[in-house]
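1. Following is a predicted model, sequence given first.
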Amino acid sequence: MESQQLTTLTGVIDKKMNRQLKQYMDICARCAICKDACHQYVGTGDFKYLPARRAELIRQIYKKYFTKAGEFVPALYEARDPDENLLEELYESTYACTGCRRCMYYCPFSIDTAWILSVAKSILIAAGMGNEMLGQLADAAIFKGDNAEMFEDVMISGFKEIEEEVRQITGNPEAQVPVGKQGADVLYVALAGAHSIRPAAVIFEEAGENWTISMFEAANYGFFYGDAEKARLITKRYIDEAKRLGVKEIVVPECGHAYRVAEFFYEAWSKEPMPFKVSHILEKVDDYIKSGRITVDKGIIQGKVTYHDPCQLGRNGGKFEQPRDIVKAVTDNFVDLTPNREKQWCCGGGGGIVAMEEFTKTRLASGIKKVEQLKASGASVLACPCENCRLQIEELNDIHELGLEIWQVIDLVVAAMPLPGNKKAAE
Amino acid sequence: MSDEIKVDLELDLKGLLCPLPMVKVSQNISKVEVGEVIRAVATDPGAMADIPAWAKSTGNEVLQAEKVDGEFVFLVKRVK
Ligand code: SF4
Ligand code: SF4
């Protein structure tokens, strides 16, 4: 390895290693408890996916360049250079990780392997080995932000089409998908697809919310790619929009990482306080139901219903009860998966892995714990508030012939609302 | 317009939700040679912004992005 590149890569570690990460470098006891917590290791049995092994690659470089023992007796302390072999293994183990942090939950020292792997992503990007697909998706989002006027017409015509559907469903010819509404209380930052806007619009309109739709999507591939600056720029698109419109609250859609980015990471990336309240759409919906702003009927959703906690919303976002309360409001036939909440198994589809074709085999094998849980529940309907999780579970559903109906939570809510459009569909 | 342009790869992206249509175009662009064209048909309106933004930021070219009978039809030329 050229000395210039070595300096760059060790410089990345030097810059990223704060006290907490240094502690993680020192304290792993190699007890391997984390191995049984990682769906990817359990599903594949592949050593490179063992959480402690993934972190060990960073630890080896750290020992070589940041500890005296590793510098002088590298063989004894398993200290290594970030050579081609190490970087190749690091790429595989890092970009495959879904960032679910289940390993951290079970680790006796709470070592946050996903955080260590965020350092690994910075190293890989500096070495020109960042994942190309995630990088492209992040750049496309930044391009949309820098050239918003180029996409305005096409976005607005899409919103108008959705507005027509909302009017049919609600039976309200005045219902709107408001665009660029100054003085709105809520800016809803959806995903790019109509499926994320339509049911939310129905609910907002029925709840009488003073809302407006964002011109940008909440998904953030800069976060998955591992580049904090790209991730900040992608988020900043809707923060600036929210400032322009003078809203009080930003509401993010059924997307696990979008919630975590807005609620927990943006402040750290931008080094300024988040100027708005951030809510997940399901917090709003739960509140609308409990306060009587919308009405849902039990009995419309047929069959036993279960719920999957997306890792970024549940274990890493702390939102366990509101989604469950919503599901229980639309059915008396709810059954939880086992285990659940903070112990919930990752479905295997997070961290941007569904966009990376090279990990398809690993991804599908890693879903086996989720398949077992779903089968054991005996449910025929799954409510799942994350796009990546749904894509993964839909594929598992087909392969393992689970026969599940898989729903967004807000779609379940709209289906359970006494709306003229729903009755028409049922007739 | 599409009648005049030779299509080298057809992608059926109907039913896929955004950003998957953009992901699929990106995954498949290396399957055609530089100068060749992918024809992609999507049904999610979000693709009308996503695919052109992806093309611009990766230096590829969208020759056509049109709504035809409720579907969104793209002709994407690999430039590099
Ligand atoms: S559980 Fe924690 S301490 Fe044990 S091997 Fe895994 S990371 Fe190390
Ligand atoms: S964060 Fe999840 S996928 Fe990554 S190593 Fe830990 S358990 Fe495995």
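-> The structure has been received and is ready for your questions. Ligands and ions are numbered 1, 2, ... in the order given.
2. Using the three-state scheme, assign whatever residue of the stretch 101-250 of chain A ends up closest to chain B.
-> Nearest residue of the stretch 101-250 of chain A to chain B (Cβ to the nearest Cβ) works out as A:Ala192 at 3.4 Å. Backbone N, C-alpha and C define where each C-beta goes, glycine included. With DSSP: H, G, I helix; E, B strand; the rest coil as the basis, A:Ala192 sits in coil.
3. which residues of chain B fall in strands?
-> B:9-13, B:37-42, B:61-68, B:71-77 (DSSP state E).
4. Just checking the distance from the shortest one to the centre of its chain.
-> Its chain's C-alpha centre lies 8 Å from the corresponding centre of strand B:9-13 when counted by Cα atoms, centre = their mean, to the nearest Å.
5. What residues of it count as buried?
-> Within strand B:9-13, the residues scored as buried using 16 or more other Cβ atoms under 10 Å in any protein chain shown are B:9, B:11, B:13.
6. now stretch A:112-119
-> A:112-119.
7. and it, is it in reach of ligand 2?
-> Yes - applying Cβ under 6 Å from any ligand atom, one finds stretch A:112-119 touching ligand 2 at A:113-114.
8. and the residue of chain B found nearest ligand 2, how far is that from chain A?
-> Per Cβ to the nearest ligand atom, B:Val23 is where chain B lies closest to ligand 2, at 20.6 Å. To chain A, B:Val23 is 5 Å away according to Cβ to the nearest Cβ, to the nearest Å.
9. Let me know the pLDDT of B:Glu10.
-> On the pLDDT scale, B:Glu10 is placed at 97.
10. contacting residues for it?
-> By Cβ atoms under 8 Å, 6 or more residues apart in numbering or on different chains, the contact set of B:Glu10 is B:38-41.
11. Is A:Ala37 in contact with A:Pro108, as I believe?
-> No - the pair A:Ala37 / A:Pro108 is not scored as a contact, 11.5 Å apart, by Cβ atoms under 8 Å.
12. The two: which has the busier surroundings?
-> Ranked by neighbour count (other Cβ atoms under 10 Å in any protein chain shown), A:Ala37 and A:Pro108 place A:Ala37 first, with 21 against 10.
13. Considering the contacts of B:Glu10, which possesses the most neighbours?
-> B:Ala40 (25 neighbours).
14. Who is that one paired with across the strands?
-> In this entry, B:Ala40 is beta-bridged to B:Leu11, B:Phe74, by DSSP bridges.
15. Could you pull up the residues touching it?
-> B:10-11, B:13, B:21, B:24-25, B:51, B:73-74, B:76.
16. ok so, going back, what is the burial count for the residue of chain B closest to ligand 2?
-> The burial count for B:Val23: 24, using other Cβ under 10 Å.
17. Just give the nearest non-adjacent residue to it, would you?
-> The shortest distance from B:Val23 to any non-neighbouring residue, by Cβ to Cβ, 6 or more residues apart in numbering or on different chains, is to A:Ala355 (4.9 Å).
18. Wait, the residue of the stretch 101-250 of chain A closest to chain B touches B:Ala42, no?
-> No - in this structure, A:Ala192 is not within contact of B:Ala42 by Cβ under 8 Å, at 11.2 Å.
19. give me the residue from the stretch 251-400 of chain A nearest ligand 1.
-> Closest point on the stretch 251-400 of chain A to ligand 1, by Cβ to the nearest ligand atom, is A:Lys343, at 15.0 Å.
20. which SS class is the closest residue to that residue other than its chain neighbours?
-> Counting by Cβ to Cβ, 6+ apart, A:Tyr105 is the residue found nearest to A:Lys343 once chain neighbours are left out, at 6.9 Å. Three-state call for A:Tyr105 (three-state DSSP): helix.
21. Would you mind measuring from A:Tyr105 to ligand 1?
-> 10 Å (Cβ to the nearest ligand atom, to the nearest Å).
22. and if you look at A:Glu401?
-> For A:Glu401 relative to ligand 1 (Cβ to the nearest ligand atom), the value is 35 Å.
23. Could you count how many residues lie near that residue?
-> So A:Glu401, with other Cβ under 10 Å, has 7 neighbours.
24. what does the one 4 residues further on give?
-> Here the count is done by other Cβ under 10 Å, and A:Glu405 has 15 residues near it.
25. just A:Ala29 next, same as before
-> Neighbour tally, A:Ala29, other Cβ under 10 Å: 11.
26. That one is in what secondary structure piece?
-> For A:Ala29, there is no host helix or strand (DSSP states H and E).
27. Skipping adjacent residues, who's closest to the residue most central in space within chain A in space?
-> By Cα atoms, centre = their mean, chain A has its centre lying nearest to A:His257, at 2.6 Å. Spatial nearest neighbour of A:His257, chain neighbours left out: A:Gln312 (4.7 Å); criterion: Cβ to Cβ, 6+ apart.
28. how close does that neighbour sit to A:Lys248?
-> 24 Å (Cβ to Cβ, to the nearest Å).
29. Give me the more crowded residue out of those two.
-> More crowded of A:Gln312 and A:Lys248, by other Cβ under 10 Å: A:Gln312, with 28 against 14.
30. For that one, list the residues it contacts.
-> By Cβ under 8 Å, 6+ apart, the contact set of A:Gln312 is A:99, A:256-257, A:259-260, A:350, A:386.
31. confidence score at A:Ser3?
-> A:Ser3 carries a pLDDT value of 86.
32. I meant B:Ser2, not that one.
-> 47.
33. swap in the one 3 residues further on?
-> Reading off the per-residue confidence, B:Ile5 sits at a pLDDT of 89.
34. is it true that A:Leu117 touches A:Thr94?
-> Yes - using Cβ under 8 Å as the test, A:Leu117 is close enough to A:Thr94 to be in contact (4.8 Å).
35. Quick check: neighbours shared by those two?
-> Residues touching both A:Leu117 and A:Thr94 (Cβ under 8 Å, 6+ apart): A:Arg54.
36. Look up how far A:Met215 lies from A:Asp153.
-> In terms of Cβ to Cβ, A:Asp153 sits 11 Å off from A:Met215.
37. When the two are compared, which one has more neighbours?
-> A:Met215 (21 against 11).
38. Could you look up the SS state of the more buried one?
-> coil.
39. out of the strands of chain B, nearest to ligand 1?
-> strand B:9-13 (40.7 Å).
40. rewinding a little: could you count how many residues lie near the residue nearest to B:Val23?
-> Neighbours of A:Ala355 (other Cβ under 10 Å): 23.
41. ok, it touching A:Met133?
-> Yes - with contact defined as Cβ under 8 Å, A:Ala355 and A:Met133 form a contacting pair (5.3 Å).
42. tell me, what's touching these two both at once?
-> In contact with both A:Ala355 and A:Met133: B:Val23, using Cβ under 8 Å, 6+ apart.
43. Angles on the backbone of A:Tyr307, please.
-> phi -140, psi 130 (degrees, to the nearest 10).
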